[in-house]
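J.: sequence first, predicted model second:
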Amino acid sequence: DSGVTQTPKHLITATGQRVTLRCSPRSGDLSVYWYQQSLDQGLQFLIQYYNGEERAKGNILERFSAQQFPDLHSELNLSSLELGDSALYFCASSVGRESSYEQYFGPGTRLTVT
Amino acid sequence: GENVEQHPSTLSVQEGDSAVIKCTYSDSASNYFPWYKQELGKGPQLIIDIRSNVGEKKDQRIAVTLNKTAKHFSLHITETQPEDSAVYFCAASNEYGGSQGNLIFGKGTKLSVKP
């Protein structure tokens, strides 16, 4: 158990809908990262927040947005969902800002768009 | 940007044998190289990492080597056990690079250890 929690574990929704994925980092960690894992694209970095502020952006679509709250939990919002958005979404956390701090992954949310 | 190639994509070994997984990276400025193990239905688990000021690091049956000149790094697992069966991912990042928080992952190696 990494100490990172994610909810829900599974999510099934229809095209065009909007969903929110939630992540709680390990105690003491200030950075939260979101990743997407699909069979064809592998593990891809989406976005990083550090202590409430956006710090780095990867291959995140404009339909996707995230935020980190004062209690350091984070939410990833996916809107206007398409079939291709079906994937595993992981949250990771680390104590520092830089990517060289160890990142610990949560169990993931499996999103299925029908 | 950074690109990480990982080989082989699948690896089957007999219990007790050694397993080696290799990765190459393209950005010479990359300076942090973690390895993750992912079991079915679980999130990636950090198993070992190495920074660019170190050539080798060992933790019990797991070791990682880094060759900065050739831009490649490898994971070595000795005395493999059935519970080592999983998908292993290498990654690279440049903490001083433009995308700062960005770990770039290889495509993964599915390791099967046969009893």
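T.: That came through fine. Numbers count the residues shown, from 1 in each chain, chains lettered A, B, ... in the order given.
J.: give me every residue in chain A lying close to chain B.
T.: By CB under 8 Å from any CB of the partner chain, the residues of chain A that approach chain B are A:2, A:4, A:31, A:33, A:42-45, A:48, A:50, A:55-58, A:90, A:97-100, A:102-108. C-beta: built from backbone N, CA, C; applies to glycine.
J.: in strands only, show me those residues.
T.: Judged by DSSP state E, the residues of chain A next to chain B include A:31, A:33, A:42-45, A:48, A:50, A:55-57, A:90, A:104-105 as members of strands.
J.: please convert the residues you listed to TSV, extending it with neighbour count and pLDDT.
T.: Putting those into TSV (neighbours: other CB atoms under 10 Å in any protein chain shown; pLDDT from 0 to 100) gives the following:
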residue	neighbour count	pLDDT
A:Ser31	25	92
A:Tyr33	29	94
A:Gly42	17	87
A:Leu43	22	92
A:Gln44	18	93
A:Phe45	24	92
A:Gln48	28	92
A:Tyr50	21	92
A:Arg55	19	90
A:Ala56	21	88
A:Lys57	15	89
A:Phe90	25	97
A:Tyr104	22	94
A:Phe105	23	96
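J.: which of these sit farthest apart?
T.: A:Gly42 and A:Tyr50 (24.4 Å; CB to CB).
J.: list the contacts for the nearest residue to A:Gly42 once chain neighbours are set aside?
T.: Excluding the flanking residues, the one nearest A:Gly42 by CB to CB, 6 or more residues apart in numbering or on different chains is B:Lys107, at 5.1 Å. By CB atoms under 8 Å, 6 or more residues apart in numbering or on different chains, the contact set of B:Lys107 is A:Gly42, B:Gln6, B:Ser9.
J.: which of those sits closest to A:Ser86?
T.: Scanning the contacts of B:Lys107 for proximity to A:Ser86, where the rule is CB to CB, the winner is A:Gly42, at 14.9 Å.
J.: does the closest one touch B:Ile104 like I think?
T.: No - A:Gly42 is beyond contact range of B:Ile104, at 9.8 Å (criterion: CB atoms under 8 Å).
J.: and the pLDDT for A:Tyr49?
T.: With respect to pLDDT, A:Tyr49 scores 94.
J.: now swap in B:Val4 and tell me
T.: pLDDT at B:Val4 comes out at 95.
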